[in-house]
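*Asks:* sequence first, then the predicted structure:
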Amino acid sequence: MTVPSVVVHRDADVLAKAVAARLITRLVDAQSAKGSASLVLTGGTVGHATLAEVAATPARDAVDWRHLDVWWGDERFVPTGDPERNETGARKALLDHIDLDPARVHVMAGPDGGLSAEESAARYAEELRAAARPEDHGPVPSFDVLLLGMGPDAHVASLFPELPALYEERPVVAVHGSPKPPPTRITLTLPAIQAAREVWVVAAGAEKAQAVRLALESSGPVQVPAAGARGRQRTLFLLDRAAAAKIPASLSRLASP
């Protein structure tokens, strides 16, 4: 796994704008190299704010949205259209405002599809497997960018400290008893996250500062899930100053002013 690099921005608003600009550049570069790109979305305040900034900038037109595969890192197991769903927030912020190929938007099914959470996870795993190519060397595509938010408990996606999903080798699993409601979720596991070319952990706010520190100190991922969020080629922690406040001196050289 790659060693994380840290980029610190002044506040949450600047962070969202900066991540949006970085994301557009990365997708354009990927499409220039191979004709298409793949992106894994996250939820949360900063995640959706980033997508809204992508929608707001004229630079978004540099991306060939018809040749982008959109995936999710996790989803709340609630019906389609429910405001709790990450998909709902992503569509409102960005996806409904760009010309995507619907066949390349890969949502995690909710209970309204007639599936159990376990069946939804298995279906998503199969969809990922079908999209993986031989050069990906595994059951999921090598995503160009995988976005993750992070909670004050250092959870990423729906991988919460000490829960069984952190021991899983399957790429997608159902989570029951989430400490953050709603209790039932679908999530990529750490092996699937680590298959991405680039993993970007985006965090803002003083309540995230201790979790950021632990994640960068390479704590065990069962206790600190964000410590296992690493990309094959690059790992970025994109932070505002408040979230970066407890980065130790040994890591401060990684942070920009």
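*Replies:* That came in fine, so what should we check first? Numbering: from 1, shown residues only.
*Asks:* could you use CA atoms for every contact and neighbour count after this?
*Replies:* Will do.
*Asks:* residue 69 against residue 95, yeah?
*Replies:* No: applying C-alpha atoms under 8 Å as the test, residue 69 and residue 95 come out as separate, 11.7 Å apart.
*Asks:* let me see the contact set for residue 116.
*Replies:* Shown in contact with residue 116 (C-alpha atoms under 8 Å, 6 or more residues apart in numbering): no residues.
*Asks:* tell me how far it lies from residue 99.
*Replies:* 31 Å (C-alpha to C-alpha, to the nearest Å).
*Asks:* helix/strand/coil for residue 199?
*Replies:* At residue 199, secondary structure determined by DSSP: H, G, I helix; E, B strand; the rest coil is strand.
*Asks:* again but with residue 125, I slipped
*Replies:* Residue 125 ends up helix, using three-state DSSP.
*Asks:* do the same with residue 150
*Replies:* coil.
*Asks:* got the contact list for it?
*Replies:* Residue 150 touches 156, 157, 201, 202, 203, 208, 226, counting by C-alpha under 8 Å, 6+ apart.
*Asks:* in this protein, what spans have low per-residue confidence?
*Replies:* The chain contains residues with pLDDT under 70 at 249-257.
*Asks:* how does it look with 50?
*Replies:* For the chain, the stretches flagged by pLDDT under 50 are 253.
*Asks:* longest helix in it, please.
*Replies:* Counting residues, the longest helix in the chain under DSSP state H turns out to be helix 12-34.
*Asks:* quick one: the strands in the chain?
*Replies:* 5-9, 37-41, 68-72, 74-76, 145-148, 172-175, 185-188, 198-203, 234-240 (DSSP state E).
*Asks:* can you add mean neighbour count and distance to residue 86 and give those strands back as CSV?
*Replies:* Output for the strands of the chain, formatted as CSV (neighbours: other C-alpha atoms under 10 Å; distance: least, C-alpha to C-alpha, whole Å):
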stretch, mean neighbour count, distance to residue 86
strand 5-9, 20, 25
strand 37-41, 22, 8
strand 68-72, 22, 8
strand 74-76, 27, 6
strand 145-148, 26, 12
strand 172-175, 25, 15
strand 185-188, 26, 11
strand 198-203, 26, 16
strand 234-240, 23, 20
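*Asks:* distance to residue 56 added to these, as JSON lines?
*Replies:* Shown next, in JSON lines, are the strands of the chain (distance: least, C-alpha to C-alpha, whole Å):
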{"stretch": "strand 5-9", "distance to residue 56": "19"}
{"stretch": "strand 37-41", "distance to residue 56": "17"}
{"stretch": "strand 68-72", "distance to residue 56": "18"}
{"stretch": "strand 74-76", "distance to residue 56": "25"}
{"stretch": "strand 145-148", "distance to residue 56": "19"}
{"stretch": "strand 172-175", "distance to residue 56": "32"}
{"stretch": "strand 185-188", "distance to residue 56": "29"}
{"stretch": "strand 198-203", "distance to residue 56": "19"}
{"stretch": "strand 234-240", "distance to residue 56": "20"}
